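Visitor: build me a model:
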Amino acid sequence: MMARMESRIVLSVLTLTLLAIVPVSSQEAPQTSWGAPDLQGVWDFRSITPLERPEDLADQEFLSEEEAANLEQAAVNRIEELANKEAERTEAGGNIGAYNDFWMDRGTNTDDTRRTSLIVDPSNGRLPDMTEAGQARRESAPSSFNDKIYESYTELSSFDRCIMGFNAGPPMTPGAYNNNMQLFQTPEYVAVVTEMVHTVRIIPVGDSAASSDGIRQWSGNSRGHWDGDTLVVETQYFNDHEVYANWRGSSRNMTVVERFTRVDDSTLSYEFTVNDVDTWTSPWTAQVSMKRNELPLFEYACHEGNYAMDAMLSGARSEEESSQGGQ
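Guide: Coordinates of the predicted model:
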């Protein structure tokens with residue numbers, strides 16, 4: 001009897017010891033009814049941590065607690081300052097105005113780890129050198145952020161035209177607003193819906209069918225599989241108008257590998273690696289800590305592609321009328 005009691009005590013101690021060394025994420029990360037990690041929900045990826053490490057921080061990978069607190073307070077102060085700022089009139093050839101800062105939502109927090117950049121590879125926290133072709137694509141990308149008079153809507157970017165969102169990805173990166181995505185799961189599929197322009201990706205999971213470049217899409221062709229508790233999504237076959245090409249200069253041959261890992265009930269780790277030899281001299285990887293948001297996705301009523309498009313193209317139409325009248 002005493003031997004059995006001692007054995008039970010030893011077994012109990014071993015069990016408690018094993019539980020103590022199991023990562024918290026393994027204990028707290030919920031599961032679906034079919035036994036997969038549950039990644040579902042609305043996830044907020046706001047962050048004031050920049051994609052690239054500021055040059056003045058050189059090899060400093062992490063902020064101190066004081067530095068992080070100062071940056072976060074500065075973000076709060078900036079929001080308050082802009083909220084109380086008097087309205088500024090637009091000026092031809094000068095200040096063209098922007099959204100009221102009320103609509104901006106960049107966040108006020110640095111990354112959980114207090115890293116100085118979202119990029120973790122290369123180790124300097126910065127994008128690799130661009131190829132000449134990548135630089136040319138970036139410089140010639142359609143955009144309304146200059147003083148050019150546009151002849152046609154085809155000269156404007158996909159986000160000027162409300163087709164895609166500039167932080168919708170893939171890869172998804174923090175932007176000025178609408179930094180939320182909602183993820184849905186079934187045993188065979190995952191759907192990723194971004195708040196920005198409500199872009200939807202339907203991703204087969206475990207589908208052995210090979211992807212084809214016969215049909216190239218705005219958001220590429222995505223396929224997913226499980227690597228332990230991590231959902232890995234590989235996306236390729238982008239078209240020439242993909243939003244990341246407009247914003248970063250990437251090519252249609254870009255491949256993005258995303259990794260979604262449920263850390264705990266309120267945190268989703270999002271890591272992505274971009275490989276595009278036509279644009280960057282080496283692959284690069286970034287990490288974003290997404291936080292659970294109990295609010296639903298809000299409507300994104302993108303009006304630039306509606307009534308504002310007329311205004312953006314009106315300059316060219318006016319010049320055409322003047323030219324025709326002078327003949």
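Visitor: phi first, then psi, for Thr131.
Guide: phi -70, psi 170 (degrees, to the nearest 10).
Visitor: where along the chain do the helices fall?
Guide: Listed in chain order, the helices found in the chain under DSSP state H are 2-21, 24-28, 65-83, 132-140, 243-248, 307-325.
Visitor: worst average pLDDT in those?
Guide: Across these, helix 2-21 has the smallest mean pLDDT, namely a mean of 37.
Visitor: residues contacting the closest residue to Pro170 other than its chain neighbours?
Guide: In space, and not counting its chain neighbours, Pro170 is closest to Val256: 4.6 Å by C-beta to C-beta, 6 or more residues apart in numbering. C-beta coordinates here come from the backbone N, C-alpha and C atoms, glycine included. Val256 is in contact with Gly169, Pro170, Pro171, Gly220, Glu234, Thr235, Gln236, Phe272, Thr273, Val274, Asn275, counting by C-beta atoms under 8 Å, 6 or more residues apart in numbering.
Visitor: and the residues you listed as CSV, adding neighbour count?
Guide: Shown next, in CSV, are the contacts of Val256 (neighbours: other C-beta atoms under 10 Å):
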residue, neighbour count
Gly169, 25
Pro170, 25
Pro171, 22
Gly220, 22
Glu234, 18
Thr235, 25
Gln236, 18
Phe272, 22
Thr273, 17
Val274, 22
Asn275, 16
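Visitor: out of these, which sit inside strands?
Guide: Glu234, Thr235, Gln236, Phe272, Thr273, Val274, Asn275 (DSSP state E).
Visitor: Pro37 against Gln31, yeah?
Guide: Yes: with contacts counted by C-beta atoms under 8 Å, Pro37 reaches Gln31, the gap being 6.3 Å.
Visitor: okay, those two: which has more neighbours?
Guide: Pro37 (20 against 11; other C-beta atoms under 10 Å).
Visitor: ok, that one to Asp229 distance?
Guide: 5 Å (C-beta to C-beta, to the nearest Å).
Visitor: and Glu72, by the same measure?
Guide: 31 Å.
Visitor: on that earlier part again, got a pLDDT number for the residue nearest to Pro170?
Guide: 96.
Visitor: that one and Gly206, how far apart?
Guide: Taking C-beta to C-beta, one finds Val256 at 19 Å from Gly206.
Visitor: Asn239 touches Arg252, doesn't it?
Guide: Yes: using C-beta under 8 Å, Asn239 makes contact with Arg252 at a distance of 6.3 Å.
Visitor: anything in contact with each of these two?
Guide: With contacts taken as C-beta under 8 Å, 6+ apart, the residues that reach both Asn239 and Arg252 are Arg216.
Visitor: between the two, who's got more neighbours?
Guide: Remark: of Asn239 and Arg252, Arg252 carries more neighbours, 17 against 14, as counted by other C-beta under 10 Å.
Visitor: pull up the overlap in contacts between Pro37 and Asp229.
Guide: With C-beta under 8 Å, 6+ apart, Pro37 and Asp229 have common neighbours Ala29, Thr261, Arg262.
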